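Trainee: Give me a 3D structure for the following:
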Amino acid sequence: MHLLKVPSPRLLIATALLSAALPASAEIVDIQFGDSRRIAHDIKVPAGKIAEACGRMAVGSTVQWRFSSSVALDFNIHYHEGSKVVYPVKQDGTAASDGDLEVVVGEAYCWMWTNRSSGATSVRLELSR
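Mentor: Numbering: from 1, shown residues only. Just a heads-up that it's a prediction; the model follows:
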């Protein structure tokens with residue numbers, strides 16, 4: 001007779017909490033202006049997932065940005081200073097937005113969307129410098 005070992009309730013709860021805390025990225029787009037002053041990307045954001053467009057920005061530069069989606073998404077622009085995350089822009093439940101990002105720290109900046117809806121969507125991101 002074979003006995004199956006059942007995981008402890010604590011292990012099951014810890015696994016569930018860890019899984020919920022770490023949303024898997026749907027797509028990560030590498031932002032590279034190169035010689036171009038304008039770039040555009042269509043980015044897929046599956047239901048319950050995130051997507052990001054990230055690229056290194058030079059101190060003192062300005063990036064004009066805008067995005068649109070058919071679904072309201074949580075949106076932010078962020079960068080990392082060591083273990084700290086800094087959010088120059090943070091908006092919840094928006095399907096479109098735009099603005100100017102004044103780059104104050106020479107880091108990789110990420111435009112990030114979280115799709116909390118039950119259906120997939122896409123985001124049209126346009127950046128110019």
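Trainee: Tell me where this protein has helices.
Mentor: 9-21 (DSSP state H).
Trainee: what is the residue positioned nearest the centre of it paired to in the beta sheet?
Mentor: Centrality entry for the chain: nearest residue to the mean C-alpha point is residue 112, 2.2 Å, by CA atoms, centre = their mean. Beta-bridge pairing of residue 112 under DSSP bridges involves residue 52, residue 76.
Trainee: Give me the distance between it and residue 35.
Mentor: Note on residue 112: its distance to residue 35, by CB to CB, to the nearest Å, is 26 Å. Every residue, glycine included, has its C-beta placed from N, CA and C.
Trainee: cool, residue 50 as well?
Mentor: Distance from residue 50 to residue 35, by CB to CB: 30 Å.
Trainee: Looking at these two, which is more packed in?
Mentor: Legend: neighbour count by other CB atoms under 10 Å for residue 50 and residue 35, higher for residue 50 (18 against 4).
Trainee: Where does the prediction get shaky in this structure?
Mentor: The chain contains residues with pLDDT under 70 at 1-26.
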